[in-house]
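Visitor: here is my input, please return the structure:
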Amino acid sequence: MISEPELVGGAEFPAALEPLPVEPKRPGPRRPWLWALGGAVAASAVWAGGLVAYDRGESGAGPDLRGYRAEEDPCRKARLPGLSSAFGGKGETTNPLVLDHPALFRAECVVTLDAKPVPYQLNVSYTLHRATDPRPEFEARMNDPFQGIGDRVSGVGEIGYLKDNNDGGEMELHVLDGQAVVQLGLSPVLTYDGEGPQPEPPRLDPAATRTYLVEDMNELLAALRT
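Guide: Reported below is the predicted structural model:
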């Protein structure tokens, strides 16, 4: 039984450099941009061929979406029972930002969690890849040292990564499941009104918060398939 998170001098300038010699122009050079364009066209043809092959699959009906649908408001789909119980309940949600394209559907929104004395917010991102395989890009992003490498998490989707950005104070859970990529990002809402020191957000129990994120992610994945 996991408990709720605890609140716990002057050198001389060198002489001017001699200008570099300029190589005289030669008549009739091959234009490099034509070669580059040809290479780009060839690469696009190879990529397009791979896309068509992937899109057709064995049945010719495109990739298997495994029941995932274009859901315009994942924040309203997310009940978040674990996080809500730990952070004082699910509050307001923002209207989603939506991209709806034949190759890609994406919706992003924010849920407020009414924790005290500092509320938390949950950033929700849902991307459904309708044409291409998202796995190679997903794994590359999760192992990008510039964004912080996450830890593999089992028991959620096909592949899950958890990033602890502040010793339990901020966490991101990224999950790949078939053609769907879903992210839950938890962080405190810090405001500055110029009227003295602001309350510090509570220190969270990382293990408990991790469990809540995984449980609520699994429920959200199921809701996005119904």
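Visitor: okay, CA-based contacts and neighbour counts for the rest of this
Guide: Will do.
Visitor: for this structure, what spans make up the helices?
Guide: 32-56, 74-77, 81-86, 135-142, 206-223 (DSSP state H).
Visitor: where's Ser183 relative to Pro117, distance?
Guide: Just to correct that, residue 183 is Gln rather than Ser. According to CA to CA, to the nearest Å, Gln183 stands 26 Å off from Pro117.
Visitor: typo on my end, Leu173
Guide: 24 Å.
Visitor: pick out whichever of those two has more residues nearby.
Guide: Between Leu173 and Pro117, Leu173 has the larger neighbour count (other CA atoms under 10 Å), namely 24 against 12.
Visitor: what's the nearest residue to the more buried one if we skip its chain neighbours?
Guide: Leu162 (4.6 Å; CA to CA, 6 or more residues apart in numbering).
Visitor: for the one you found, give me the pLDDT.
Guide: If you check Leu162, the pLDDT there is 94.
Visitor: touching, it and Gly148? I think so.
Guide: No - in this structure Leu162 lies outside contact range of Gly148 using CA atoms under 8 Å: 10.3 Å.
Visitor: these two: which is more packed in?
Guide: Leu162 (22 against 13).
Visitor: now that one: how far from Tyr126?
Guide: Distance from Leu162 to Tyr126, by CA to CA: 16 Å.
Visitor: same question, Val110
Guide: Counting by CA to CA, the separation of Val110 from Tyr126 is 12 Å.
Visitor: which one's more surrounded, those two?
Guide: Between Val110 and Tyr126, counting by other CA under 10 Å, Tyr126 is the more crowded of the two (25 against 22).
Visitor: correct me if wrong: that one contacts Gln179.
Guide: No - Tyr126 is not in contact with Gln179 according to CA under 8 Å; the separation is 10.7 Å.
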